[in-house]
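Enquirer: here are the coordinates; sequence isn't available:
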């Protein structure tokens with residue numbers, strides 16, 4: 001189980017969340033009505049909040065304290081989600097070891113005329129001309 005999965009585990013009752021966030025139960029239910037949070041439910045229909053839910057509630061409280069209204073809070077979350085989606089789409093995959101080796105070899109052996117290199121020090125002794 002990775003860290004993100006652990007952050008999503010429903011662990012806290014509404015009473016505990018009230019103490020952690022300083023919000024009333026009514027405020028928490030209100031934010032749930034506006035779909036700003038989606039806590040899990042037990043078989044007995046009690047709300048169970050995760051660390052991620054608590055963090056969202058604290059962000060909501062912070063933004064409201066700064067003077068944002070509910071529309072502003074929703075807009076802030078929409079912007080965060082779109083930024084997160086953009087970052088995921090821009091993320092490059094990691095190069096393989098073979099690609100890194102070839103890149104290093106090309107850099108060390110073939111680009112000697114450049115005054116600046118991506119590498120500091122002399123690694124070319126590890127590569128021999130063939």
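Expert: Arrived safely, thanks for sending. Nothing here was measured: the structure is a model prediction, and the numbers come from that model.
Enquirer: Low-confidence bits of this structure, can you list those?
Expert: Across the chain, the ranges flagged by pLDDT under 70 are 91-92, 111-130.
Enquirer: Work out which residue lies at the spatial centre of it.
Expert: residue 84 (7.4 Å; CA atoms, centre = their mean).
Enquirer: separation between that one and residue 46?
Expert: Here residue 84 is placed at a distance of 30 Å from residue 46 (CB to CB, to the nearest Å). Quick note: C-beta positions are derived from backbone N, CA and C, even for glycine.
Enquirer: Whichever helix in the chain runs longest packs against which elements?
Expert: For the chain, the helix reaching the highest residue count under DSSP state H is reported as helix 70-90. Where contact means 3 or more CB pairs under 8 Å, 6 or more residues apart in numbering; DSSP states H and E, helix 70-90 is packed against helix 51-65.
Enquirer: Buried ones in the helix or strand hosting residue 98, by neighbour count?
Expert: Residue 98 belongs to helix 97-110 when assigned by DSSP states H and E. Within helix 97-110, the residues scored as buried using 16 or more other CB atoms under 10 Å are 104, 105, 107, 108.
Enquirer: And those residues, which two are furthest apart?
Expert: The two members of the buried residues of helix 97-110 with the most space between them (CB to CB) are 105 and 107, at 7.2 Å.
Enquirer: which residues sit in contact with residue 54?
Expert: 12, 17, 20, 21 (CB atoms under 8 Å, 6 or more residues apart in numbering).
Enquirer: Next one: it from residue 18, what distance?
Expert: 11 Å.
Enquirer: cool, and residue 103?
Expert: 54 Å.
Enquirer: returning to what we had before: what's near enough to touch the residue nearest to the centre of the chain?
Expert: Residue 84 neighbours (CB under 8 Å, 6+ apart): none.
Enquirer: Could you report the separation of it from residue 22?
Expert: Taking CB to CB, one finds residue 84 at 27 Å from residue 22.
Enquirer: I figured residue 25 was touching residue 18, is that so?
Expert: Yes. If you go by CB atoms under 8 Å, residue 25 and residue 18 touch, sitting 6.0 Å apart.
Enquirer: between these two, who's got more neighbours?
Expert: residue 18 (16 against 12; other CB atoms under 10 Å).
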